[in-house]
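Chemist: coords below, sequence missing:
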């Protein structure tokens, strides 16, 4: 059974918006938060954004600040990544991640990835 179920990717023109969602089917009290990494063509996988389940604290890579917003719905074990003012350089496969307290994003569970393509 897939633990992290992602949706919301697609093709959009530059300046457009998309919203990604990720639901954790096996979230427990040990899980600290949820976030996204992305891997663009010819690039390494890199952190994008994360949110803490309890405090709601968020963090972003500098390149997406003021354009992307991560938020959550604890009752649904779901986090969302609202992506606005998309740029061609945002084109990537976006991977949802979750991690337990005491570890870091990227060192826990990963989703299957969803493609986001931004055309110029």
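Modeler: That came in fine, so what should we check first? Every value quoted in this text rests on a predicted model; they were computed, and no experiment measured them.
Chemist: Does residue 117 have any beta-bridge partners, and if so which?
Modeler: Beta-bridge pairing for residue 117 (DSSP bridges): residue 11.
Chemist: From residue 3, how far off is it?
Modeler: Remark: distance between residue 117 and residue 3 (C-beta to C-beta, to the nearest Å) = 26 Å. All C-beta spots, glycine's among them, are computed from the backbone N, C-alpha and C.
Chemist: part of a helix, is residue 33?
Modeler: No. Read with DSSP: H, G, I helix; E, B strand; the rest coil, residue 33 is strand and lies in no helix.
Chemist: how close does it sit to residue 27?
Modeler: For residue 33 relative to residue 27 (C-beta to C-beta), the value is 10 Å.
Chemist: repeat for residue 52
Modeler: Distance from residue 52 to residue 27, by C-beta to C-beta: 13 Å.
Chemist: which of the two has more neighbours?
Modeler: residue 27 (18 against 15; other C-beta atoms under 10 Å).
Chemist: Mind listing residues that contact the host helix or strand of residue 59?
Modeler: Using DSSP states H and E, residue 59 sits in strand 58-60. Residues outside strand 58-60 that contact it (C-beta atoms under 8 Å, 6 or more residues apart in numbering): 35, 48, 49, 50, 51, 52, 68, 70.
Chemist: now with 6 Å?
Modeler: 49, 50, 51, 70 (C-beta atoms under 6 Å, 6 or more residues apart in numbering).
Chemist: same check, this time on stretch 2-14
Modeler: With C-beta under 6 Å, 6+ apart as the test, stretch 2-14 has contacts from 18-26, 86-88, 96, 109, 111, 114-120.
Chemist: ok now it, how far from the chain's centre?
Modeler: Distance of stretch 2-14 from its chain centroid, counting by C-alpha atoms, centre = their mean, to the nearest Å, is 9 Å.
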